[in-house]
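1. Curious how this folds, go ahead:
(2 chains)
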Amino acid sequence: MRHWSPPLLALALLLAIAPGADAQPKDTLTVALISHAPTLDPHMHFERVGILVNINMFDSLLHKNARLEYEPSLATSWKALNDTTWEFKLRKGVKFHNGDTMTTEDVKFSFERVVEPGKEKKKSPQYGNVRAIKEVRIVDPETIHILTDKPFPLLLERLVFFPIVPKKHIEKVGDDAFGTTAAVGTGPWKFVEWKRDQYIRLEAFDGHWRGKPAFKHLVIRAIPEVATQIAEIKTGGVDLIRNVSADIVPELKTHAQTYVSSAPILRVHYVELDMRSAPFDKKLVRQAANYAIDKQSIIQKLMGGLGTQVATVVQPPAFGFEPEVKPFPYDPKKARELLAQAGYANGVDITLHSAFVEFRPVFEALSQMLTEVGIRVNARMWDPGPAWNKFLQAEGKATHGAYGSWGNYSVFDADAVLHPLFHTEPGGWIGKHYTRVEGLDKLIDEGRSTLNQAARKRTYSQIQKLIREEAPAIYLFTQYDTLAISKRVEYAARGDEWLWLFDAKPKR
Amino acid sequence: MSAFLVRRLVRLAVVITGVSLVTFAILQASGDPVSLIMPEAPEADRAVLRRTLGLHDPLPVQFARFVGNAVTGNFGKSFFHHGQSASALVLERMPTTLMLTVFSMGVALAIALPVGIYSAVRRGRAVDQLATGTVFLGQSMPVFWTGIMLILLFSVQWRLLPVSGWESWAAVILPTATLSTFTAPLLLRIVRSSMLDVIGLDYVRTARAKGLSEWLVIGRHALKNAALPLVTVTGLQFGLLLGGAVITETVFAVPGVGRLIVGAIRQLDFPVVQAGVFMLAMIVVSVNFLVDVLYLYLNPQIRVR
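-> Residues are numbered from 1 along each chain as shown, chains lettered A, B, ... in the order given. Okay, the predicted model is just below:
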């Protein structure tokens, strides 16, 4: 060989200098998220990607185990003293990452920085979650009372993610530093470094009350592109990725380096129907639409089998779920009959909208199924973004329905899906414009205004029977969350979509 | 000559104002950030936030305030990154984007110049044919696709380079290669064709006749005149590269301005989008201004005019 050709030379050079794809050190766990939240301060954002990081650095009063049962965390016990007062006993001797001991003062401070009693403008976007809290009272060094302005049945659910932060430390460093360079909690990992849009580096906290987590280092990388995340996990650059879609599952299931783990989650799919105008102002048409959809086929063919058909929008694991109410069966003949009875023997033309891009095939399939029974759908897919928001602000005018999903913000309670989807008071989702079910608002209000769980259950049972009959939406299915995980890590997907990495262990 | 520069400077100001106006208008047309920030809040809470963010003022007032502040480099605070100034967020990420862009331009030129000259000189030969083919290929591949293909080959298949990130020098290679693949072909084509234009001219023949070495004829005499279009196109390409960086940064998880802007558009974070677009536009316009200045130096004819 007289001389090297340039491309060969370049390749050889590359081989010589490239360190190769990074193999992970044994005691490091690397997770990919699509982005980082704007702050590490657990009270000053409301983003899933931020919560997933926060829960591994901060503890709340309550915790949920992998079976989603309440477990003591910073509170060792709790009980309702009356309809508006809850008592919590605090765990003794819990240390913050900076060595300070957690006290009732820290708990009171944590609530007050979100609730900000007496202030008109609240700085925390999580305020709405706990706005019912009127006062946090220190009873003795181990006991606090939380007082709500009216019965607040969702309190315990809200406290599973309500991190307790160190009062003295925050008063010293200020909110800004706390959220960027000086985050301190009581959780399994402590803060080391945050390179914006690159990684957050955490290190196991020796003084954590549960003991030490199995992985000494936890790195959370921000990788916006899904294809890139998949390439990373295949090459060992990261150990865990979220939201793996059904079409990718087979590939990552059989890959030499990875496995997948799925769990049924709260996220429920539905088509909200505009009851203000024809044809969905007629109950029979709404029911016909429900009969027209072959939910099982969609789950099997488009969701990789990972879905559970539901009777309404209330998910089976949520409090208040009524198993007696059965899903609409697939019955296109009955759908046609109902449509004819409603006066649409020749069918009807409608427009459906969606910005649920990941599930475009589902949207197309259900549009086709509706069209087959005579509800001829013009399916409009939107880019989720500014234009879609504009559409929502226009109250969904000139539409007949919208396909979407709701995840309850991981609150396992019927209220967390019924109120945003079907209550007509301002602040809800598009349902506040669409839904016109006689008496439904009142029932939803009733369900959220008592702590008597038996009474609430009765109310929700009644609501589910009502909305099954009235069908303000086409009810579809609940979804699964699928993680892809490196074979060197043992972990399982959770029903609340949390990444509680204290449970992650090295394999072998 | 100074008149020429003054004209250019005025044009620069006009372009920047235009870019600001267009950005502002598009953002205003794209929706209400408040309902995105507080999706479940009652209207009363939203109204408070709208007032705080200055979004309740009439549009001309908002635009005047924006321009007034922009002149002093103040774009307001990000809606999304609590309490941080939009320009700080952009400036923090600017070195990364500039580095990626400049590297890519460097690599593209390092390929385009020698190969372009060589294929002009050896017109119609194998190298020329190959180069022309590559030009077609390179120009027809969209940046995001090239990026993912490079990841598949170099990271997943051959395990030579990290997939994404910006933590090591190795991580810089693939994004740079992606952008160069996009730019190099165009530059190569310009080098080749302007070289071809020049090579046939009398003065080159004269130089050859003087008995100068081929190296000197091409490198000193021909290249000097062939370089003019190249300078123009390089300046223009710089803007395209910055645009390409937006996509490349997302694919390779590079912590740059482009990725910041993409995120900010999704979140309707007006101040950040405005600051980002404004500063990128400033850079493009400045580079083109520099090109104009360089022209004066390279081409005396303009000086005389």
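
2. Show me the shaky parts of the stretch 401-508 of chain A.
-> Within the stretch 401-508 of chain A, the ranges that satisfy pLDDT under 70 run A:426-429, A:508.

3. Tell me which residues are up against whichever strand or helix holds residue A:286.
-> Element membership for residue A:286, per DSSP states H and E: helix A:283-292. Helix A:283-292 has contacts (CB atoms under 8 Å, 6 or more residues apart in numbering or on different chains) with A:271, A:273, A:275, A:279-280, A:328-332, A:334-336, A:338-339, A:341-342, A:344, A:348, A:369-370, A:372-373, A:375, A:469-472, A:474-475. In short, each C-beta sits where N, CA and C put it, glycine included.

4. Among these, which ones are in strands?
-> Counting by DSSP state E, the part of those found in strands is A:271, A:273, A:348, A:375, A:474, A:475.

5. just those now: which is nearest residue B:99?
-> Minimum distance to residue B:99 across the ones in strands among the contacts of helix A:283-292 is 47.7 Å, recorded for residue A:271 (CB to CB).

6. my guess is that closest one contacts residue A:366, does it?
-> Yes. Residue A:271 is within contact range of residue A:366, at 7.0 Å (criterion: CB atoms under 8 Å).

7. what do those two both touch?
-> Residues touching both residue A:271 and residue A:366 by CB under 8 Å, 6+ apart: A:403, A:474, A:476.

8. before we move on, the earlier item: quick check: next helix or strand after the helix holding residue A:286?
-> Next along the chain from helix A:283-292, counting by DSSP H and E, comes helix A:295-302.

9. Show the subsequent helix or strand relative to that next one.
-> Following helix A:295-302 in sequence, per DSSP H and E, is strand A:307-309.

10. Can you tell me the SS state at whichever residue of the stretch 1-150 of chain A sits closest to chain B?
-> Sorted by distance to chain B under CB to the nearest CB, the residues of the stretch 1-150 of chain A start with residue A:38, at 4.2 Å. Classification of residue A:38 by DSSP: H, G, I helix; E, B strand; the rest coil places it in coil.

11. wait, isn't it in contact with residue B:83?
-> No. The criterion here is CB under 8 Å, and residue A:38 misses it with residue B:83 at 9.5 Å.

12. of those two, who's got more company?
-> Neighbours per residue, other CB atoms under 10 Å in any protein chain shown: of residue A:38 and residue B:83, the larger number sits with residue A:38, 24 against 13.

13. wait, what's in contact with that one?
-> Neighbouring residues of residue A:38 by CB under 8 Å, 6+ apart: A:45, A:50, B:78, B:80, B:81, B:82, B:84.

14. Quick check: the gap between the second one and residue A:108.
-> Right, the one you point to is residue A:50. According to CB to CB, to the nearest Å, residue A:50 stands 23 Å off from residue A:108.

15. Tell me how many other residues surround residue A:136.
-> That count, for residue A:136 with other CB under 10 Å as the rule, works out to 19.

16. Figure out the helix or strand that it lives in.
-> Here residue A:136 is assigned to strand A:133-140, by DSSP H and E.

17. now residue A:201
-> Residue A:201 is part of strand A:199-204 when elements are defined by DSSP H and E.

18. Sheet partners, orientation included, of that strand?
-> strand A:189-195 (antiparallel), strand A:217-222 (antiparallel) (DSSP bridges).

19. Out of these, indicate the one that is most buried.
-> Burial of these is given as mean neighbour count (mean count of other CB atoms under 10 Å in any protein chain shown); strand A:217-222 ranks first at a mean of 22.
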